[in-house]
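Visitor: no sequence on this one, just coordinates:
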């Protein structure tokens, strides 16, 4: 079946603008994760959804970052008043049920560039 | 908090040879999972192999195997018969077995180059 998809693949914006990044998980996966990967680094956890609710948002860096998953499937990561430091690849992953035994399957990411 | 350290930013290996990538981690937990992910230029993270901490036997997946040393908190990846398609960034990752702590913690990665 289809894997995790993310749109757009690349996003260029200007400092101070608002952006939305979309993630379509594997069909039937109830758990969804967002990670951020800065240049030369490994992915860093942002937020985890179990169904429609955010089970763990401890990785969100500040209140400019917000994510939703209103119907328990597609998720949108929203960044307000973007800063140059927000430039990174934003990765989304999904798993069957979020159990520690479940594999997280990743999408290809969205590369965000803030000018 | 858990940390994962990959001390080799870059490695290279001749095609068909064997290479070992190193990973150490720090945790106070006794039950957890360890992973190696591969990230080619397409950016998509692909699971290579996983190890459950409660299992003493080292995991193996075809040409990929791990050397898991729980007491030393070491988790290295061995790639045998290296192929050109193995060229990628490799990330070691940790995941707690505790419910409510499902996030992955990654190292900084090792870039593997395969020399034809």
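Guide: Now that the structure is in, tell me what you want to look at. All values derive from a computational prediction rather than experimental measurement.
Visitor: For residue B:42, give me the pLDDT.
Guide: Note on residue B:42: pLDDT of 85.
Visitor: residue contacts, it?
Guide: residue A:108 (Cβ atoms under 8 Å, 6 or more residues apart in numbering or on different chains). C-betas here are computed from N, CA, C, even on glycine.
Visitor: Checking my notes, it in a helix, right?
Guide: No. Counting by DSSP: H, G, I helix; E, B strand; the rest coil, residue B:42 is located in no helix; its state is coil.
Visitor: starting at the chain centroid, how far to the helix or strand hosting residue A:49?
Guide: Element membership for residue A:49 (DSSP states H and E) is strand A:44-50. Relative to its chain's centre, strand A:44-50 lies at 8 Å (Cα atoms, centre = their mean, to the nearest Å).
Visitor: ok, that strand near chain B or not?
Guide: Yes. Using Cβ under 8 Å from any Cβ of the partner chain, a contact is recorded between strand A:44-50 and chain B, made by A:44, A:45, A:48.
Visitor: what does that strand contact?
Guide: Here strand A:44-50 makes contact (Cβ under 8 Å, 6+ apart) with A:30-38, A:54-61, A:65, A:67, A:69, A:72, A:75, A:77, A:90, A:98, B:102-106.
Visitor: Spatially, which residue comes closest to the closest residue to chain B within chain A, not counting chain neighbours?
Guide: At 3.2 Å from chain B, residue A:42 is the closest residue in chain A, using Cβ to the nearest Cβ. Leaving aside its chain neighbours, residue A:42 sits nearest to residue B:106 (3.2 Å; criterion: Cβ to Cβ, 6 or more residues apart in numbering or on different chains).
Visitor: Ok, residue A:73 next?
Guide: Distances taken as Cβ to Cβ, 6+ apart place residue A:25 nearest to residue A:73, at 6.5 Å, with adjacent residues excluded.
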